[in-house]
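>>> Show me how the following folds:
(one chain, ligands or ions: 2)
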Amino acid sequence: MRIRELTLRPFRNFTAIHLGFAADHVLIFGPNGRGKSNILEAISYLSIGKSVRGAKDQQVVPHGEDFFDIRAFCSDGRRDQQVRVFYSKKEGKKAFVDATPLPRVSELLGTFRTVHFSPEDVSLVLRFPAQRRRLLDILIAQSSAAYLRYMQRYYRVLAQRNHLLRTAKKSRHGLVDGQIQAMEPWDAQLVDLGAQLRLCRLEALNRLRAPFLRYYGRFALAGEEATIVYQGAKGQDLEALRAELREALGRRREQEIKMGFTLCGPHRDDLKFTLNEEPAEVYASEGQLRTVLISWKLAEARYMEEQTSRQPVLLLDDAFSELDSGRIGELLDILGEFEQVVATTPQEPNTRQEACFESIDLQK
Ligand SMILES: Nc1ncnc2c1ncn2[C@@H]1O[C@H](COP(=O)(O)OP(=O)(O)O)[C@@H](O)[C@H]1O
Ligand SMILES: [Mg+2]
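Ligands and ions are numbered 1, 2, ... in the order given. This next block holds a predicted model:
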């Protein structure tokens, strides 16, 4: 699905704006604060049903307004679709496809797929484990409805289990017999769902690794080697992953009671990026870190394409800054290999960019 038209009425700093994306490669430019990032955020709202920047729905309602409304017209050449996300404090959030309201906003996932890069993510994602997990979760959820269901159920079970652990922590006797029994069904479900989630993540990562290395290799100097490692689980199949999590829970039970929450499971796992075998976030330069994340995003797009037989739209917010001219040239070449790209830049497009993109001047 490619996006052909976008209407924000209103959203963030836009009271009303209508943009047409006739070309497949579009570069939006305009000065800082004009709303470029907001436009990409709005587009990705239509694919994941929430802010890709992690903002609350209320925060993207324009100041002084009480709702936001994002509409797009998408097409895959054969079929046209209208996708819409509306939110107001009073009515809550609603998603529509072709004017039909979806029973739940999360059912929007998979209708129109995007991959979003933003420079803020570079430090966030590469420095904080929770953000790295989110990276994987958003990716897999867009190509697997089952994953989203596992996640929702896992977090429900986790909340229940944490509740019991907190209660045990408060009581002076730790877990008494009845509580240990009460814990068992939660343990069993946590093990089951946790193993499912980990298997999905490991499989996704295994598929993502090859394109990631390929793209990073195209940007990097010879001898620069990047890797991605999943930390937290080693098992290769469901049975092994279940056994591993069951064993870990048993081993850390005492400690969990002392702390009052669940210490192992996919919610604590991590994704490590390394450059020449050093942790990327410690060792790499700003430009290298940016290249790591861009390569990951490009690989994400290839992964989604493989999973769904459709290419997602690449949304690249200010991806060109901080990169040297060699890397910018390579990025432009690579983007030419993708079906649709919506990128932003605070500078006037240069001749090379003008050759690759149709520009949209936000000042007009
Ligand atoms: N909820 C909101 N209501 C009104 N304006 C907002 C809201 N959220 C952000 N803005 C404004 O949007 C502008 C930033 O837009 P942004 O897309 O980040 O700009 P840039 O073109 O630099 O990427 C800021 O001026 C900010 O005040
Ligand atoms: Mg911006």
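>>> all contacts plus neighbour counts: C-alpha atoms, from now on.
OK.
>>> Is the worst-scoring helix or strand of the chain on mean pLDDT positioned near ligand 1?
Lowest mean confidence among the helices and strands of the chain (mean pLDDT, DSSP states H and E): helix 119-127, at a mean of 83. No: Helix 119-127 lies apart from ligand 1 when judged by Cα under 6 Å from any ligand atom; the minimum separation is 10.6 Å.
>>> so how far is that helix from its chain's centroid?
12 Å (Cα atoms, centre = their mean, to the nearest Å).
>>> Now do stretch 296-310: everything it contacts.
The contact list for stretch 296-310 (Cα atoms under 8 Å, 6 or more residues apart in numbering) reads 1, 114-117, 139, 142-143, 204, 207-209, 211-212, 215, 311-314.
>>> Now list the buried members of those residues.
Of all the contacts of stretch 296-310 considered here, the ones buried according to neighbour count by 16 or more other Cα atoms under 10 Å are 1, 114-117, 139, 142-143, 204, 207-209, 211-212, 215, 311-314.
>>> just to revisit the earlier point, quick check: buried residues in the least confident helix or strand of the chain?
By 16+ other Cα under 10 Å, the buried positions in helix 119-127 come out as 119, 121-122, 125-127.
>>> now do stretch 158-178
Under the neighbour-count criterion of 16+ other Cα under 10 Å, stretch 158-178 has 158, 161-162, 164-169, 174-175 buried.
>>> Which positions in this structure make contact with ligand 1?
Those residues of the chain that sit near ligand 1, judged by Cα under 6 Å from any ligand atom, are 12-13, 32-38, 59-63.
>>> Buried subset of the residues you listed, written for ChimeraX?
Buried members of those, identified by 16+ other Cα under 10 Å, are gathered into one ChimeraX selection as follows:
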select :12,13,35,36,37,38,60,61,62
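>>> Could you pull up the mean pLDDT of stretch 193-202?
On average, the pLDDT along stretch 193-202 is 97.
>>> cool, stretch 316-335 as well?
The average pLDDT for stretch 316-335 rounds to 94.
>>> Of all the residues in that stretch, which ones are buried?
316-320, 323, 327-329, 331-332, 335.
>>> can you point me to the longest helix in this structure?
Counting residues, the longest helix found in the chain (DSSP state H) is helix 177-219.
>>> Tell me the first helix or strand C-terminal of that one.
strand 226-231 (DSSP states H and E).
>>> For that following strand, name the packing helices and strands.
helix 177-219, strand 270-275 (3 or more Cα pairs under 8 Å, 6 or more residues apart in numbering; DSSP states H and E).
>>> Show me what residue of the stretch 251-364 of the chain gets nearest to ligand 1.
Taking Cα to the nearest ligand atom as the measure, the stretch 251-364 of the chain has P346 as its residue closest to ligand 1, at 7.1 Å.
>>> Now do that residue: how many residues are near it, please.
17 (other Cα atoms under 10 Å).
>>> so what's it up against?
The contact partners of P346, taken as Cα under 8 Å, 6+ apart, are 29-32, 318.
>>> and K94, what helix or strand is that in?
Element membership of K94 [criterion: DSSP H and E] is strand 92-97.
>>> buried stuff in that strand?
93-97.
>>> give me the low-pLDDT residue ranges for the stretch 51-200 of the chain?
Applying pLDDT under 70 to the predicted model, the residue ranges of the stretch 51-200 of the chain that meet it are 172-177.
>>> can you pull out the strands in it?
For the stretch 51-200 of the chain, the strands defined by DSSP state E, counting those that start in this stretch occupy 67-75, 80-88, 92-97, 100-101, 114-117.
>>> The longest helix of the chain to strand 270-275, inter-axis angle?
20 degrees (axes from the mean of the first three to the mean of the last three Cα atoms, to 10 degrees).
>>> Adding distance to R149, write the buried residues of strand 92-97 out as TSV.
What follows is the buried residues of strand 92-97, written out as TSV (distance: Cα to Cα, whole Å):
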residue	distance to R149
K93	19
K94	19
A95	18
F96	20
V97	21
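>>> From what I see, R242 and A195 are in contact.
Yes: in terms of Cα atoms under 8 Å, R242 counts as a neighbour of A195; the distance is 5.2 Å.
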